[in-house]
Structure formats: C-alpha cells, structure tokens
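Colleague: Okay, sequence plus prediction incoming.
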Number of protein chains: 2
Amino acid sequence: MRNGRQNGTPAYKKIQATILKRVDSGRLKPGDAVESERELAKIHGVSLMTARHALSALEQDGVVQRRRGAGTFIAPPKIHFNKLMGFNELLAGRNLAASSKVLSFNVVTNEREVAARLALVHGTPLNEVGRLRLGADEPFALETCYFSAEQFPDLTRTTLARGSLFAILEHDYGIQLAYADEEVDATAADAETAHLLQVPRSHPLLRMRQVLYSTKGKATVYVLGLYRSDRYNLLIRRFR
Amino acid sequence: MRNGRQNGTPAYKKIQATILKRVDSGRLKPGDAVESERELAKIHGVSLMTARHALSALEQDGVVQRRRGAGTFIAPPKIHFNKLMGFNELLAGRNLAASSKVLSFNVVTNEREVAARLALVHGTPLNEVGRLRLGADEPFALETCYFSAEQFPDLTRTTLARGSLFAILEHDYGIQLAYADEEVDATAADAETAHLLQVPRSHPLLRMRQVLYSTKGKATVYVLGLYRSDRYNLLIRRFR
DNA sequence: AAGTGGTCTAGACCACGGC
DNA sequence: CCGTGGTCTAGACCACTTC
C-alpha cells in the first residue's frame, strides 16, 4: 500500500499536529479526551500502529496521558521547573521591566579559577563583564560574567548594554545554551556590593556561581551572581 | 503466528532485559554497539516492530542512543542531577558521618503558612520537629519539619532520633517521596540559631523551604532549613 | 553497496475500565 | 458488555551512514 504522504512530514506527526493545535488554541483542555487510536486511524487513513505511535510519542512528551481501557486524555499543563533563564526572561515571567547597567568591561588573564571552570588553559584572555541588574528600576543583582575573549571577539560593551547575553550568544554566535551547573550559597555584602545593591553592609545575599554549557557540551560562560534575597529567590524542583 | 510468550512478560521487555543485563554486568560499556533491530528480531524470533519497540523504549529511558544509518549504542552513564536526598544520604555522598539531635518535638495548630503549604485546613494539628544536623560532629544545619500529626500518629521523638525521616516515611508508612519544591534564599543568623550552629550572630545562612510530595502527588512534609553556607552549598543543574 | 534506523500497513489477540 | 490501550506479526519502502 502506498504511503500517501505528499510532503516530507510523517503521518504520525501530522496527527500529532492536529491534536497540538487544538491544545494550543484552548479547544482541548486538561482532562479532555482525545480520539481513540482506532478513530484517529480511520480519520487520517492510517494503520492502527501509526495512530498509536502518534499518541505514544505525545505521551512521552507529556502532552497526553493514556489509560488502558479508558482512553487518551490531555495531560495537566506542564510547568517548567529548573528552567535555565536569563535575567530578562526571568523578570518577564514576573511581569517586571528588566534593565541592566554595564559597570565594567575588562580583559583579564589571571582568573585561574574561572579559566579552569571553562576548561581553558590558565592565561587565556577572558572578557570580564560586571553588570548591575535592575527590575522595575530597583537593584536586584550584581552579575559578573566571563567568557573567552578569542571566541567572542566582537562582543563589546555596547553590544552587551543592548540586550541579553543569552540572546546575543544565540543569535549573533549561533550558540544554543543547553544547561547550566550552579553552585548556590549565602554570603554577606561587602561595602561596594552593599552600595551598588542599596542594602546595608553585611546584608545576607544569595551567591550563585554558574557554568553555562552549550548544546555541544562546551563550557561557554561563567557567571558569578550576588542576589538581593529579599527580591529574588530560587525555585527548584528535585526528584527522588 | 502464535505469540509464543510463556509467562506474562512481553517479548520486548525480555529483549530489553538481555541488554540491560549486559550493561549492568559491565559486558556492554558506553559507546558499545548493541545488536541491530533485524538481528534482535532474528535472535528472539520476533517481528521487526517488536525488536524496534524494545530499542526505542530503551532510548527513551536513556539507556541507549540510536543513530540512523549507524546503529544503536550504549549511552553514556546518566548522572542524577537535582536529586532529592535526605540529610543522611547527602552526607554519605561526601563520606561524612551524619548525625542528628532532636531539639524539640511539639504539636502545633497555629502555623497557618505551613498548613497551607501542606494543603491542610488551618488548625489541623501538626508535629513540629526541630533537629540540629551534624556532619562529622560539626553543626551543619538547623531543620524544622512539619507533618500531619493525624497522618503519622506513631512518629515519636525516639523514632526520629533513630534514623532518617525519609527512611521512616518509606518503610514505616509506605510513603514513597517523589519530588520536592524548594524555595531558596539567604538570611542572617539570629542569636539562638547562631549559638546552635556555632557561627557569629548575623552570619549569612542559606535558607531553604521544602515541600516534599509523595508519589501520589500529596504534599506530605514541610521543611524549613537553615544551612551554614561555609559547610553546605546547593548544586543544581538547570536546563534550557 | 550494504547495513542501519525511521516510517508504515492491515490486520490480530489480550487485558483492563466503565457502564 | 463494548471500547480502550498494550502487544505483536510479516512484511515493505525510505533516508541515512559507513565503507
């Protein structure tokens, strides 16, 4: 029997698309039943195995839940836990206007610890960018990020002032970030930090050291962040 | 063609078992090739789709990686990030001897915030257990945990002094924990906390509020923890 | 060119759920 | 009971990788 697919899209993906469209448009809500395997097979003129594949894969993606003897139902909305987000994204999620002020932009060669975390030989020139992060014009955090000066030659102070580092990496350099390893502890504000963040000296701050990895698994950026814990806290979901 | 399976185990699971056994025993190492779909089908006397199902499901579980045109290979060992661990487990991973001292054990009815987080009506009696957590006999953390007094009637002070809360919940009450939502920020030690943790007053501490959920999705335990950030820090992996 | 995984067919029987 | 998802067959063609 001939395939019948006009373009290059597999039949099972087309079936998924018809379901996903209804979910996105709100016509299908969590708990609603989806057509059964047999119905989908008949509607789309495919075999049972193909309709089944479409539903099974959607279940793997967390879009639907299948119950033997009962049917296939839209899954509860999936919440993104432990999602790696840039500062702008983060504040956008809280409906706050994010802005940044570049405080410093230097080339450093003597940050042994940072170079090691980025898997670079000691002495490799690194761009060091200090930024004050503001939400609704109130200071939120102080972030210092490091990345190879050679790998990102045109990343200047003005470029960084414009937009988010995440966006610049992804659009200007074609580097997609995949994940970040983070180390979190608490520390006390020193005089300069206290002044910049407008908190009393010795005020407790959340300190986060991040190594951002690209989709190719390469350590790309190191970020040291100090966060006002009255304005920012970390939400994590951990699994057993 | 008849099915041929003697017992209730599906053929595809048997095929998976033969592969998993070799992985566990070390005969198959990461990067090693697994038999192709066609080989597996011939060996086990099943159809191609069944052999394929066995491999596809193993790929979903992260055991193997499949590359079109190349073959199926054992995946690199998966590392458990963001793994929910009790204090004892945590320190065991760092080769430190964990111990605990129960500081208080009360029944409280007036913790509106906690009751809400556990999805209980305000006024429900809660056991409140304060524990000092030690690693190698040095104070690490101060943890106060809350759980329904009615749901865990026999959980006494002495029971808790014996072992880990995780173990007690799982073995004595048959409650498997599935995940925890955590909220992390920084705070300064008050006089009592400073004394117990043996740090100066106003010393920065990592504060973590955890809601532990059972496999049935029920909020079961609430934990408020204060951690000496010189001895303990949080390691997280976040994904894009 | 040979082998691999990716998609697909047109059926089948089974186990389970809800009515 | 009937409809659901779960497993399975014995093939087929395609797209891709490796040699």
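Modeller: It's in. Predicted, not measured: the structure shown is a model, and the values here were computed from it. Residues are numbered from 1 along each chain as shown, chains lettered A, B, ... in the order given.

Colleague: is stretch A:66-79 up against chain B anywhere?
Modeller: No: for stretch A:66-79, no contact with chain B is found by C-beta under 8 Å from any C-beta of the partner chain; the gap never falls below 9.9 Å. Backbone N, C-alpha and C define where each C-beta goes, glycine included.

Colleague: got the buried residues for that stretch?
Modeller: Buried positions in stretch A:66-79, judged by neighbour count with 16 or more other C-beta atoms under 10 Å in any protein chain shown: A:Arg66, A:Thr72, A:Phe73, A:Ile74, A:Ala75.

Colleague: show me what contacts A:Pro125?
Modeller: Residues in contact with A:Pro125, defined by C-beta atoms under 8 Å, 6 or more residues apart in numbering or on different chains, are A:Val107, A:Val108, A:Thr109, A:Ser148, A:Ala149, A:Glu150.

Colleague: Among the buried residues of stretch A:66-79, which one lies nearest to A:Ala116?
Modeller: Relative to A:Ala116, the closest of the buried residues of stretch A:66-79 is A:Ala75; by C-beta to C-beta it sits at 42.6 Å.

Colleague: Name the nearest residue to that closest one, ignoring sequence neighbours.
Modeller: A:Gln65 (4.8 Å; C-beta to C-beta, 6 or more residues apart in numbering or on different chains).

Colleague: hang on, isn't the one you found packed against A:Gly71?
Modeller: No: between A:Gln65 and A:Gly71 there is no contact, the gap being 9.6 Å when judged by C-beta atoms under 8 Å.

Colleague: Tell me the first helix or strand C-terminal of the helix or strand bottoming out on mean pLDDT in chain A.
Modeller: Lowest on mean pLDDT, DSSP states H and E among the helices and strands of chain A sits helix A:157-162, with a mean of 79. The helix or strand immediately downstream of helix A:157-162 is helix A:165-172, counting by DSSP states H and E.

Colleague: Which residues of chain A lie near DNA strand D?
Modeller: A:3, A:8, A:34, A:36-39, A:48-49, A:52, A:55-56, A:66-72 (C-beta under 7 Å from any atom of the strand).

Colleague: Quick check: the farthest pair among the buried residues of stretch A:66-79?
Modeller: Maximum pairwise distance in those, criterion C-beta to C-beta, is 11.2 Å, between A:Arg66 and A:Ile74.

Colleague: who touches both of those two?
Modeller: Common contacts of A:Arg66 and A:Ile74 (C-beta under 8 Å, 6+ apart): none found.

Colleague: re the thing from before, and the residue nearest to A:Ala75, what does it touch?
Modeller: A:Glu59, A:Thr72, A:Phe73, A:Ile74, A:Ala75.

Colleague: give me the element it is part of.
Modeller: According to DSSP H and E, A:Gln65 maps onto strand A:64-67.

Colleague: For that strand, which strands pair with it and how are they oriented?
Modeller: Next to strand A:64-67 in the sheet, as set by DSSP bridges, lie strand A:71-74 (antiparallel).

Colleague: Heading C-terminal from the partner strand, find the next helix or strand.
Modeller: Once strand A:71-74 ends, the next helix or strand along the chain (criterion: DSSP H and E) is helix A:87-93.

Colleague: Show me which positions of that following helix end up buried.
Modeller: Buried residues in helix A:87-93, counted by 16+ other C-beta under 10 Å: A:Phe87, A:Asn88, A:Leu90, A:Leu91.

Colleague: residue contacts, A:Glu35?
Modeller: A:Glu35 makes contacts with A:Ile43, A:Thr72, as judged by C-beta under 8 Å, 6+ apart.

Colleague: if I look at it, how far off is chain B?
Modeller: Here A:Glu35 is placed at a distance of 22 Å from chain B (C-beta to the nearest C-beta, to the nearest Å).

Colleague: From A:His203, how far off is that residue?
Modeller: 58 Å (C-beta to C-beta, to the nearest Å).

Colleague: pLDDT score for the residue nearest to the spatial centre of chain A?
Modeller: Most central in chain A under C-alpha atoms, centre = their mean is A:Leu84, positioned 3.2 Å from the mean C-alpha point. pLDDT, A:Leu84: 91.

Colleague: Skip the chain neighbours and tell me the closest residue to it.
Modeller: B:Arg238 (4.1 Å).

Colleague: same deal with A:Asp181?
Modeller: Leaving out its chain neighbours, the residue that sits closest to A:Asp181 by C-beta to C-beta, 6+ apart is A:Val211, at 5.0 Å.

Colleague: In three-state terms, how would the one you found be classified?
Modeller: When classified by DSSP: H, G, I helix; E, B strand; the rest coil, A:Val211 comes out as strand.

Colleague: count of residues packed around it?
Modeller: 20 (other C-beta atoms under 10 Å in any protein chain shown).
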